[in-house]
Every structure is written in structure tokens, then in C-alpha cells.
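[1] Got a predicted model here, sequence first, then my questions.
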Amino acid sequence: MPMIRRLLLGLLLLATLGLMWDALPFYATADLMPPAKVAVTDPSLATATFAGGCFWCMEGPFDELDGVISTTSGYTGGTKADPTYSEVSAGGTGHVEAVQVVYDPAKVTYETLLQVFWQNVDPVDSRGQFCDKGSQYQAKIFAQDDDQLALAEQSKQVLSRQATFRKTPIVTAIEPAQTFYPAEDYHQDYYLKHPLRYKYYRTACGRDRRLAEVWGSGE
């Protein structure tokens, strides 16, 4: 009996340690995994690119939309070809963390994607997003064509007229899309692969708390 009890206690301890480890924030130190996601090339589909701080937190809101085919975390807006996470997070390449959304315009409009984007960023923060500060975490919209550019500018103007943003103006930039580099595989679908670590990070970063302050808890 004592041996069985020790075995059970040992298994319980291992399970507890596993949960504790999964709850810790994960920061990769090596860029070892190749990109896993590839953009869909079907001509009936369209692409949108948004930067909203940590790309882990931007995939989920778009994945929930009917008509979104895929979301890919990556880097854009910089000067170095094929940047790694270590390089981008250090702030020396000019890139921002971003998500590329492939969607079916027959099922979901770009205007809807813009609404989801705005509701998931702090548009008055010029230093980054939430606890992540630095140019690599700034919120930006990268327009793929003139239509997206016009719609993005229009949505920003509409929001800017709201009382919330009259005293503290929106600083989110809207720029033409540049080359998008998919991030390493361990970053893709991070919120699904490591839900406890993800929730710990998101809570510790104060993301939802700040979003509620900006947009209201009912949004």
C-alpha cells in the first residue's frame, strides 16, 4: 500500500507541475521551427493584414468569424528580409508583429474585419500595445489595395468623431501592405496550442482590462 500511495502521489505531482508549466508565459529563445502556414492562393479569396501588438492575441478574434479561412502570425513593415522572432522582438528590424487574414469576401466583408481589429487594440497608444512596448508592437493597418486603404481611412475617421477619441486622438497608422513574413511555427495558433500559458500572458499583460476601458465591457 505505501508503494502504491507513493506512486499515486508522484503521478499527481507530475500532473500538477505540468499544469503549472503550461500556465507560465513562454518566450522562445531560438528560431528553429519553419513556418507552418501558407497563404491561400484561391483568386476568389482576399487577404488583410493587421498589427495589434502580440500576434498571439490577434489570431483568435478573426478565427471566430465565419468566412475567415486562415490567420497567420508574422512580421511586416520592416527592412530586413526573412526576420526571426528574436530580431523583431529586439526592435531592430522595423517590423511589427502582425496577422495576415485570408478571407472569403462573399461571406465576410473587409469592413467587418476592420471592426474586429479596432475592438481588439488600444488605438490611442503610440508606444506599443498593452504591456508590450516598442515600435514592433504598435497597432497598424496594412492595406492591400486602394479599396482597403479607403475603407480603413473611413473607419478611422468615423471612430475619431466619437467622444472617447476627441480628447485622446487615435494614433493607429494606416499604411500600404508590405512583404509579410510568417512567424516561426511555435507562434502559429499559440492560443490553441498553449491555452493556459496564453491566458496567463493575456491576463498579466492587462489586455482585456484595457480593452474594456477603451471600448466598454459589453463590446
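    Perfect, thanks for sending it.
[2] which secondary structure element contains the closest residue to residue 168 other than its chain neighbours?
    Closest residue in space to residue 168, ignoring its immediate chain neighbours: residue 124 at 4.6 Å, by Cβ to Cβ, 6 or more residues apart in numbering. C-beta here means a position set from N, CA and C on the backbone, and glycine is covered the same way. Under the criterion DSSP states H and E, no helix or strand holds residue 124.
[3] the bottom helix or strand of the chain by mean pLDDT?
    Among the helical and strand segments of the chain, the one scoring lowest on mean pLDDT, DSSP states H and E is helix 2-23, with a mean of 42.
[4] any idea which helix or strand comes after that one?
    On the C-terminal side of helix 2-23, the nearest following helix or strand under DSSP H and E is strand 46-52.
[5] That next one: how far from the chain's middle?
    Here the centre of strand 46-52 is set off from its chain's centre by 10 Å, with Cα atoms, centre = their mean, to the nearest Å.
[6] How about stretch 150-160?
    Offset of stretch 150-160 from its chain centre (Cα atoms, centre = their mean): 21 Å.
[7] next one: stretch 130-141
    Taking the mean of its C-alpha atoms, stretch 130-141 sits 10 Å from the chain's own mean (Cα atoms, centre = their mean).
[8] average pLDDT for it?
    In this model, stretch 130-141 has a mean pLDDT of 97.
[9] Same check on stretch 57-68?
    98.
[10] List the buried residues in it.
    Buried residues in stretch 57-68, counted by 16 or more other Cβ atoms under 10 Å: 57-63, 65, 68.
[11] In helices only, show me these.
    57-63 (DSSP state H).
[12] Out of the residues you listed, which comes closest to residue 107?
    Closest approach to residue 107 among those (Cβ to Cβ): residue 62, at 12.9 Å.
[13] can you tell me how far the closest one sits from residue 213?
    Remark: distance between residue 62 and residue 213 (Cβ to Cβ, to the nearest Å) = 22 Å.
[14] repeat for residue 107
    For residue 107, the distance to residue 213 - Cβ to Cβ - is 32 Å.
[15] repeat for residue 182
    Using Cβ to Cβ, we find residue 182 at a distance of 32 Å from residue 213.
[16] So for these two, which sits in the more crowded spot?
    residue 182 (19 against 12; other Cβ atoms under 10 Å).
[17] how much does the helix or strand residue 200 falls within deviate in direction from helix 56-63?
    Using DSSP H and E, the element containing residue 200 is helix 195-204. If you take axes from the mean of the first three to the mean of the last three Cα atoms, to 10 degrees, helix 195-204 sits at 110 degrees to helix 56-63.
[18] got the buried residues for helix 195-204?
    Under 16+ other Cβ under 10 Å, the buried positions of helix 195-204 are 197-198, 200-202.
[19] Same check on stretch 139-148?
    Neighbour-count burial for stretch 139-148 [16+ other Cβ under 10 Å]: 139-143, 148.
[20] And stretch 167-179, by the same measure?
    For stretch 167-179, burial by neighbour count (16+ other Cβ under 10 Å) applies to 170, 172, 174-175, 177-178.
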